[in-house]
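Engineer: I would like to see how this sequence folds:
(3 chains)
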Amino acid sequence: MIKTIMLCLILLPWAAGFLLPVLKLKNRRGKCALISAVLLLEAAGAVVMLLQKSAELTLFSMTKTLTVALRMDGVSKLFMAIAAFGFLLSGIYAFRYLGHSEREDSFFGFFLLSLGALMGMDLSSNLITMYLFFELITLLSMPLVLHDRTEESIRAALKYLFYSIAGAFLALLGIFFLARYTTTLDFVSGGSLNMGAVAGHEKLLLVVIFLAVVGFGAKAGMYPLHGWLPAAHPVAPAPASAVLSGIIAKAGVLAILRLVYFSVGADFVKGTWVQMAWLGLALLTVFMGSMMAYREKVFKKRLAYSSVSQISYVLVGLFFLTPEAAMGGLLHIAFHACIKICLFLVAGSFIVNCGKHRVDELAGYGKAMPKTLWSFTLASLALIGIPPASGFVSKWYLASGALNSGLSVYSWLAPVVLLVSALLTAGYLLPITIQGFFPGKNVTIPEKNNEGGILMWLPIIVLSAAAVLLGILSGCFTDAFSALANSMFG
Amino acid sequence: MSFCVNFPLFCVVACLLCAVISSVLKDKAARLVSMGLTLAVLLCNLFLLIYILQEGSSVTYLMGHYPHPWGNELRISILEPLFCLAFSCVLLLCLLGGRKHIKDDLREEKRNLYYVMADLVLSSLLVLSYTNDIFTGYVFIEICTLSSCGLLMIRQIGRTTLASVRYMIFSLLGSGLFLLGVVVAYSLTGQLLMPSLKASIASIYASGEYRTPLMAAICLITVGLCIKSGLFPFHFWMPDTYGCATPASSGILSGLVSKGYIFFLLKIIFDVFGTEVFYASGMQNVLYAFGACGIVVGSVSALRENDISRMIAYSSAAQIGYIYLGIGISGNLGVIAALYHILTHAMTKPALFLAAARLSDTAGGARRFKDLQGAGWANRTAGAFFTFEAFSMIGLPLTMGFISKYLFALAAFRTGVRMILTLVVLAVSTVLNTLYFARTVIRLYNKQETELRPCPMKKQASYAFAALLLAGVNVGCGVFVRPLLHLLSKGVDLF
Amino acid sequence: MHSCVLLCAILLPVAAALLLRFFKQNNGRAVHLYIGAATVLTSVLVWGLILRCPEDSFRLITFTDSLTLMLRFDALGRFFAGIVATLWPLTVVYAFEYMKEDARAKTFFTFFTLAYGVTLGICMAGNLFTMYCFYEFLTLTTVPLVMHLQTKAAIRAARTYFAVSLGGAAFAFASMIFLLANGADGSFALGGLLESYPYAKPYITKIFYCLGFFGFGVKAALFPMDGWLPKASVAPTPVTALLHAVAVVKSGAFAIFRLTYYCYGTELVKGTWAQNVVMAFAVFTILYGSSRALKDGHWKRRLAWSTVGNLSYILFGAAMMTKAGFAAGLLHMAFHAEIKMLAFFCAGAVLHQTGREYVRDLDGLGKYMPLSFACFTVAALALIGIPPLSGFVSKWYLLTAAADSENILAYVGAGILLVSALLTAIYMLTTVRRAWFPGKNTEASGLSGTREANLKMTVPMLLLALGILLTGVFSQPILQAIERIVGLR
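Structural biologist: Below you'll find the predicted structure:
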């Protein structure tokens, strides 16, 4: 039964996503109801799975060594939950956002297909399956980026596609070598390296793993393969940007996590130049992303750079290879998902309801769209890391994890960079709020509007509330996260 | 001794007689006489070959019961009747296939003279193969030269006259050098009959004196015959000559006459100088070098040609180069390869000339490639045969050309001498051959640009028959190689 | 089953082709039924022979002591014959529809079916000489097909193809003679024919091996003899799909396998400069082919350049001179055949229905010809190497073999393989993108009447797409068969 549900988590959105453009339903309300039903079922299924301890299912074997199989463990649960709920809320928002645009069917079709693929990746039980779904995610989410079909969006979508595929091939190199040096391709916490086989080839293996992480990092927006993010986000529709940043980019993080913790094992990499290099790249991305966000004036692009930076927070936490820092990273995965989706939806609201794309045009909109801007403020506070919002909790664990990590330079460098980034974050988020509510004298205050209707502002409010509440109530689940982080170390 | 051994003498006499008679006969009668004669010669040689194979050894035929060294002799072994058989077969088919062109190209009163010349050529080929006396050989070389010039000139258009004059000059140059060589040899040894010459020369060589005159004799004779057969760099009369003669003549000259000279050269190498002396002189290296050059230069020139008959003529130059390459490789294997290639070329080249003439007929006599586009569709028979013979020239399996290539390569390997160079030359020449033949064949099957006169098979029965036989022999010898090779190697042993 | 049935399998299509001359009508149901029946019958016969193969050899003609024409259906031959026999009927059905309006369809089908017989001859050849003969004949039967449209470009392409093929065969000839002269005139034996070469020093042997590799490599589009393949893409699509993606080019690769593993033997060449030379050329061609594909905007030519690159994947596998490399190369030979054929079929369907040849003109066609482009997308994904499609499995095994080979050049090759995969993604997916997601301002002009191609064209495409999926998901049986051929089990 459980296995069926697990399989359905992938197959249901795939079936729905495939049939949607094919059936060409005329009744819009019915169509939206159907899509909502599917999303709700997904969320429900995810909840059911969350309550289980674990589950396994082998699908098929291509050859004796290459099998496609599913398995749910703690990490899967985390990512599954984020995916299900994030897509649900963005999907509901999208009904209103897309209005009656012509290619709605195609958008929702690929939306659902991406969800299915994402679920598949979350539930993968070995490197090959994960690679399969990783590639599928890229292919199925690309059409979301080019939805508008303008020149710019097509170029951005192709950039996304090719960066991701290039990264995937780099990663394939790594997977391939790991296949030779591990005892099994399945994910085993603590890694499954066959140290006997590795002996003598450590340098090679390290290089390859480094490249593999850089490759997967393309999806996660890690320098140097981050270039697609700022190009893709402004041109994609807001709900698409939301799931891209909030959830699909996390697929990259998941891939790195699985590779480093469940295949190679943290012990192999700890203390090597590879770890130093990764941390360096991640911190560089954190700083650079915040910097670029600060200077960027186009709203969605600013948020895109912000994503680049924030996802690298997670990576910093993961790369420290200690349970505490890892826990910070895991927490931030969940929190950033909520926050970033909320932020993108807000940006989308401004675009659809007021036609404003740039942050300097938003003066005085606090009166026009109070719910939206209030939610924005709360989410911003969470992102900056003001207690008791969620962002603070994750940043706390990240910082303390760094300080306790024992790595000479990074143990102090990382918290410093995080702090600087937090300041920059404040610098690029708060002015929007301030300008919105206190526009100054010479600005005409726009009319109040319905903020897109309940379908748009409700998801935004829910997410911003979650962003704050998760922080306040963090005490309830930090233990669970701590156990989860520890379980990754074998 | 059976009656058969008289056949060569009978054949020669018959040829000369028929030549004389044909000069007073009318065109059609002369033709019938010629073809009948050639057929008779063919059958005689066939019987002779069978007889010799049964006998198992060579036969020397005294003429007029005058003992040597004063009389004249014929030597009958395996190779002589075999090659005469081949030559007469090709001559017959050339005459048959080129019949229409002989009628079209020549004036009515001259046509019987054509057959006179053909008979004379046949007689000289016979003598060159069978004779055991070097001076007799010289006499008939001159007869051959004159009658081949006759075959050329008889067409009587400006270009042919010019070409045949050039041909005559070169040929006579070659004959002159040959005569000079014979004179030197005679003054050294005092003999003219080949066996005696051989013994004499062997003893002179062994003694070590008169080395220089001996070498001079070898050089002069060899170079003389090389010039006559068209080895590089004495090949540039070929395109003019073969290019504008009537196709039967082109076929006879390229396929038979030059081969007759080469065969005679081989006879001299084996029966006059002896292989030991000849190889000691180092001439074979010269032959090898010029042969290789001839192959490459001939092929490159063919590539650059725009006229189909001239292209085929340059191809002939390349093929002569092949034969000399084989001789130059030295050793029995090389000679066998060269002999086999003589047969191949004799079968293929006349067929190509005949087919090319037919194809250019469809375009009203034009010979440039751009006028011949699509000719393969107009005259399907000629096109098909041209394509087949082109494949043989390139050396595709199941044809004689392939076996030739194979034998040359094998000879190069087994003797180990200059192996890589030979193979490179072979490969390069195959590539070049392919280039120009492929281009031609494809052009023939293009869409027709201009109006071409179609020619169904019914209208060209004699040509079709001749071409079919030539192609058939080609395939037959290409597939049933073993008996032929067996004959050749046995023949070389008995040479 | 007596081994003379092998000859029947070759002669059946040849006879059928020659007898086609007697049909009065040019095109029409009679012709189609006849050719279709002949092709299917031959395929059935071939599969029967594959499954219940006669072990012994069948001598056709003995030219001399060392030159014999001989047929013998060993494991490798059966593998190749299986690929050919499966794909030929599909192409013939496709061709019926594609050549519907052609004025000289009869000539086309004559040579097409002739080529089938000749290709089977290559599969069933029992020794190098026989394979060489059929190899030359294949060139002869395919030149008229390339030349079929009789445009200037077609003629030029045919000339190049003819000259380059026969020229290359000349070098292969030299290699073959070397073997024959040294006494290696027996039938193919896995591991090589001779222990040592009495007539030649080792470096001479290696030179001749390289000559043979490059000579046969012409048909396999090895740099620098790859130019003919893109030029030949002007031929009608069934020709490009079957002959220039399956029969002709794979014959070249097949010949190289025979040369390396069954004639000279890998022990002779492995680890020497000769191996490095051939592997370097193979690796370079991989990169070269993929790069040129990227730059070319003409759809079929782009796919032709892609074939150039992919063939060198196979040659790369062969050049590794290990059993694993051999197996990986064979795997890619099978998978690439189906993938590339499908890609060409799709391009051909679009060409047939709309006349559009260039990628930039494909905007929005996905809406009007969804089936064709769905199949093309499957082919594209397989070519890039997305699991669980077949292309992934063959790439994986190539990488494995490369890593196992402990040859630095092989490692470089593995890296280049991945780079080439990225380039493949770019040039295939840009086409896919244009079809399914056209830009706003490039709305399909003049496409309103476009419909999907006829069943005769779409059904083969669907079958191939299904095949790609199934052979990828269930690749274990194929892999086992290959391992048995190669001697790994």
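
Engineer: How are the strands of the chain distributed by residue range?
Structural biologist: Let's take chain A. A:55-61, A:67-72 (DSSP state E).

Engineer: look at chain B instead
Structural biologist: Secondary structure of chain B by DSSP E: the strands cover B:59-63, B:72-76.

Engineer: got JSON lines for those strands, with mean neighbour count too?
Structural biologist: To be clear about C-beta, it is placed using only N, CA and C from the backbone, and glycine gets the same treatment. Below are the strands of chain B laid out as JSON lines (neighbours: other CB atoms under 10 Å in any protein chain shown):
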{"stretch": "strand B:59-63", "mean neighbour count": "15"}
{"stretch": "strand B:72-76", "mean neighbour count": "21"}
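
Engineer: quick one, which of these is nearest to chain C?
Structural biologist: Among the strands of chain B, strand B:72-76 comes nearest to chain C, with 27.1 Å by CB to the nearest CB.

Engineer: what does the closest one contact?
Structural biologist: Strand B:72-76 is contacted from outside by B:5, B:8-9, B:48, B:52, B:58-64, B:66, B:130-133, B:136, B:193-194, B:271, using CB atoms under 8 Å, 6 or more residues apart in numbering or on different chains.

Engineer: now swap in stretch C:272-287 and tell me
Structural biologist: C:206-207, C:209-210, C:213-214, C:217, C:221-223, C:226, C:269, C:308-309, C:311-313, C:315-316, C:318-321, C:407, C:409-410, C:412-413, C:416-417, C:419-420.

Engineer: Just the CA atoms of that stretch, as CSV, please.
Structural biologist: C-alpha atoms of stretch C:272-287 as CSV (Å, rounded to 0.1, in the frame of the first residue of the first chain):
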residue,chain,number,x,y,z
THR,C,272,51.8,0.5,-29.0
TRP,C,273,52.0,3.7,-31.0
ALA,C,274,49.6,2.2,-33.5
GLN,C,275,46.9,2.0,-30.9
ASN,C,276,47.5,5.6,-29.8
VAL,C,277,47.3,6.9,-33.4
VAL,C,278,44.0,5.2,-34.1
MET,C,279,42.5,6.2,-30.8
ALA,C,280,43.7,9.8,-31.2
PHE,C,281,41.9,10.0,-34.5
ALA,C,282,38.8,8.4,-33.1
VAL,C,283,38.7,10.8,-30.1
PHE,C,284,39.3,13.8,-32.3
THR,C,285,36.5,12.8,-34.6
ILE,C,286,34.1,12.6,-31.7
LEU,C,287,34.8,16.2,-30.9
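
Engineer: Centre of the chain to that stretch, how far?
Structural biologist: Put simply, stretch C:272-287 sits 20 Å off its chain's centre (CA atoms, centre = their mean, to the nearest Å).

Engineer: List the buried residues in it.
Structural biologist: Under the neighbour-count criterion of 16 or more other CB atoms under 10 Å in any protein chain shown, stretch C:272-287 has C:274-275, C:277-279, C:281-287 buried.

Engineer: With stretch A:167-185 instead?
Structural biologist: Buried residues in stretch A:167-185, counted by 16+ other CB under 10 Å: A:167-179, A:181-182, A:185.

Engineer: Provide the strand pairings for the lowest-mean-pLDDT helix or strand in chain C, with the direction of each partner.
Structural biologist: Across the helices and strands of chain C, mean confidence by mean pLDDT, DSSP states H and E is lowest for strand C:58-62: a mean of 80. Counting by DSSP bridges, the strands paired with strand C:58-62 are strand C:68-71 (antiparallel).

Engineer: what's the model's confidence in the partner strand, averaged?
Structural biologist: Averaged across strand C:68-71, the pLDDT comes to 87.

Engineer: Would you map the helices across the stretch 151-300 of chain A?
Structural biologist: For the stretch 151-300 of chain A, the helices defined by DSSP state H, counting those that start in this stretch occupy A:151-181, A:195-198, A:202-219, A:228-235, A:238-243, A:249-257, A:266-269, A:273-295, A:299-319.

Engineer: Which of the strands of chain B comes out lowest on mean pLDDT?
Structural biologist: Mean pLDDT values for these show the minimum at strand B:59-63, a mean of 79.

Engineer: That one: how far from the chain's middle?
Structural biologist: 25 Å.

Engineer: Show residues contacting that strand.
Structural biologist: B:1, B:5-6, B:8-9, B:52, B:68, B:71-77, B:132, B:195.

Engineer: follow-up on the earlier one: which of the buried residues of stretch A:167-185 lies closest to B:Cys144?
Structural biologist: Taking CB to CB as the measure, B:Cys144 lies nearest A:Phe169 of these, at 75.1 Å.

Engineer: Now the closest one: closest residue in space that isn't a chain neighbour?
Structural biologist: Closest residue to A:Phe169 apart from its sequence neighbours, by CB to CB, 6 or more residues apart in numbering or on different chains: C:Leu418 at 4.6 Å.

Engineer: Could you double-check that the one you found sits in contact with A:Leu173?
Structural biologist: Yes: using CB atoms under 8 Å, C:Leu418 makes contact with A:Leu173 at a distance of 5.9 Å.

Engineer: Can you name the next helix or strand after the longest helix seen in chain C?
Structural biologist: Longest helix in chain C, counting residues (DSSP state H): helix C:323-354. Using DSSP states H and E, the next helix or strand after helix C:323-354 towards the C-terminus is helix C:365-368.

Engineer: In PDB, list the C-alpha atoms belonging to the helix or strand just after that following helix.
Structural biologist: Toward the C-terminus, helix C:365-368 is succeeded by helix C:370-384 as the next helix or strand (DSSP H and E). The C-alpha coordinates for helix C:370-384 follow below in PDB (Å, rounded to 0.1, in the frame of the first residue of the first chain):
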ATOM      1  CA  PRO C 370       3.200  16.200 -32.800                       C
ATOM      2  CA  LEU C 371       3.900  12.600 -33.400                       C
ATOM      3  CA  SER C 372       7.000  13.200 -35.500                       C
ATOM      4  CA  PHE C 373       8.400  15.600 -33.100                       C
ATOM      5  CA  ALA C 374       7.600  13.500 -30.000                       C
ATOM      6  CA  CYS C 375       9.500  10.700 -31.700                       C
ATOM      7  CA  PHE C 376      12.300  13.100 -32.500                       C
ATOM      8  CA  THR C 377      12.400  14.200 -28.800                       C
ATOM      9  CA  VAL C 378      12.800  10.600 -27.800                       C
ATOM     10  CA  ALA C 379      15.600  10.200 -30.200                       C
ATOM     11  CA  ALA C 380      17.200  13.400 -29.000                       C
ATOM     12  CA  LEU C 381      17.100  12.400 -25.400                       C
ATOM     13  CA  ALA C 382      18.400   9.000 -26.200                       C
ATOM     14  CA  LEU C 383      21.300  10.400 -28.100                       C
ATOM     15  CA  ILE C 384      22.200  12.800 -25.300                       C
END
